[in-house]
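Undergrad: Turn this into a structure:
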Amino acid sequence: MASSSSPINSIVNLFHFHKVDRNVYDQLLGHGTEPSVARNVVALLIWLDTIGLDVLSYLNDHASNSYAFLRLVAEADAVLDCLRRDAPPRDSALAIPVLASLSDQPIDLGFFYFNRHVATKRIAGVLSGAGRVFFDDALYASFLRYEEAAADAWKRNAAPPPLPEELARTYELGATAATSSEDQRSLFLTFSKGFPLTKEEIEAYFREKWGDCVEKVAVQKPAAGSVVGPLYGRVVFTRDGYAGLVLNDTKVYKFAINGKQVWARQRRWNRRTRCARSILRTIALAGEDEAGGEELAGRGILETNLTAVAAGDGPEAPDQKQRVFERLLLLRLRRRRRRFNPFTTSFLF
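TA: Modelled structure (predicted):
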């Protein structure tokens with residue numbers, strides 16, 4: 001029961017509106033589904049609900065029936081897999097019988113493939129918008145505590161408890177998606193050696209698959225005189241939900257663009273990498289191009305920049321130079337120990 005003084009677009013009312021969605025999400029987790037997959041499934045079901053398939057109520061009503069619940073979840077996962085495919089599915093008429101039974105019109109996987117631009121846009125919108133609120137475990141725990149206290153006060157005919165500050169905040173539609181960082185909306189792409197890809201090829205692939213979903217693309221800028229083309233790149237989506245749809249429950253997703261193999265993953269910056277990035281943003285760096293550094297710089301450029309600063313081209317702060325020397329030494333030791341690996345490279349943008 002929401003407080004009468006809370007605005008209609010408050011966080012607490014958002015939880016009330018999506019209470020069934022959150023219950024289904026918790027049930028998915030209880031059945032062993034990975035959180036990333038569970039979020040994608042619930043976002044898909046919310047979109048299906050808007051086009052006339054009352055799947056959320058069906059799941060909520062059949063929560064105690066494990067077979068019916070897991071059957072519909074498996075069909076939702078099949079739809080998500082269909083949205084990621086590069087070709088129409090075959091023999092899709094009997095692949096989603098439960099979903100088909102909830103529709104007034106004939107529906108199969110081909111329907112979702114044909115409408116994949118609309119579907120992925122709506123799913124990514126949920127994941128990047130309201131979903132970032134009602135999927136938040138800390139906020140949901142606060143909501144449950146408030147609901148329990150409010151129900152207890154109502155039974156005792158007492159005044160309702162004050163609404164917690166985090167639940168009283170207003171939710172602006174689209175504001176959550178707009179504040180997501182570029183790292184959250186990005187995927188790092190690795191190419192097969194000898195089969196490089198251009199920015200135009202990568203952008204065209206995702207736009208053909210999911211519509212206007214790409215903000216920008218960058219690829220490695222090979223060293224001067226190098227005969228090897230780009231080995232890696234980065235795609236930045238308009239919403240972080242698109243990155244989640246690509247990976248789903250995998251850490252590395254393999255696919256092909258124009259017959260060339262690509263491996264996609266989302267970079268998780270560790271403490272050491274964040275420290276290096278902070279230093280490099282503070283110090284005046286060489287190596288960025290005139291476009292503002294959109295091209296990727298690899299380990300070689302990173303070491304060149306650090307060497308220049310350590311030689312005295314940068315600020316004179318002794319502690320800053322010491323950090324630069326330590327980072328430079330670490331890079332050289334790691335280079336001696338192992339070969340270059342694009343997955344462990346500290347990229348600069």
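Undergrad: C-alpha from now on. contacts and neighbour counts both.
TA: OK.
Undergrad: Could you pull out the helices in the stretch 1-150 of the chain for me?
TA: Counting by DSSP state H, counting those that start in this stretch, the segments of the stretch 1-150 of the chain that form helices are 11-17, 19-30, 35-50, 55-61, 66-84, 97-101, 109-114, 116-128, 131-134, 137-155.
Undergrad: List just the one of those that sits closest to residue 207.
TA: The closest of the helices of the stretch 1-150 of the chain to residue 207 is helix 116-128. By CA to CA, the value is 8.9 Å.
Undergrad: How far off centre is the closest one?
TA: Using CA atoms, centre = their mean, to the nearest Å, we find the averaged C-alpha position of helix 116-128 to lie 12 Å away from the chain's own average C-alpha position.
Undergrad: and that helix with helix 35-50, angle?
TA: For helix 116-128 against helix 35-50, the angle by axes from the mean of the first three to the mean of the last three CA atoms, to 10 degrees is 120 degrees.
Undergrad: coming back round to it: can you check which of the helices of the stretch 1-150 of the chain gets nearest to residue 267?
TA: With CA to CA as the criterion, residue 267 lies closest to helix 35-50 of the helices of the stretch 1-150 of the chain, at 15.6 Å.
Undergrad: Report the residue ranges of every domain in the protein.
TA: What automatic domain parsing lists as the domains of the chain is 19-129, 186-265, 271-344.
Undergrad: Quick one: end-to-end distance for the first one.
TA: In other words, domain 19-129. End-to-end distance for domain 19-129: 16 Å, by CA to CA, to the nearest Å.
Undergrad: what about it, average pLDDT?
TA: Within the predicted structure, the mean pLDDT of domain 19-129 is 88.
Undergrad: Tell me the spacing between residue 13 and residue 130.
TA: Spatial separation of residue 13 from residue 130 under the definition CA to CA is 12 Å.
Undergrad: between the helices of the stretch 1-150 of the chain, which gets nearest to residue 230?
TA: Across the helices of the stretch 1-150 of the chain, residue 230 has its closest neighbour in helix 66-84 (24.8 Å, CA to CA).
Undergrad: can you give me how far the closest one is from the chain middle?
TA: How far helix 66-84 lies from its chain's middle: 20 Å, per CA atoms, centre = their mean.
Undergrad: With stretch 54-64 instead?
TA: Taking CA atoms, centre = their mean, the mean C-alpha location of stretch 54-64 is offset from the chain mean by 27 Å.
Undergrad: that older thread, tell me the residues that contact both of residue 13 and residue 130, please.
TA: With contacts taken as CA atoms under 8 Å, 6 or more residues apart in numbering, not a single residue reaches both residue 13 and residue 130.
Undergrad: Nearest spatial neighbour of residue 60, chain-adjacent residues omitted?
TA: Taking CA to CA, 6 or more residues apart in numbering, and ignoring the residues beside it in sequence, residue 60 has residue 24 as its nearest neighbour in space, at 6.5 Å.
Undergrad: Surely that neighbour and residue 57 touch.
TA: No - Residue 24 lies out of contact with residue 57 (CA atoms under 8 Å); the separation is 9.3 Å.
Undergrad: who has more neighbours, the two?
TA: Remark: of residue 24 and residue 57, residue 24 carries more neighbours, 22 against 14, as counted by other CA atoms under 10 Å.
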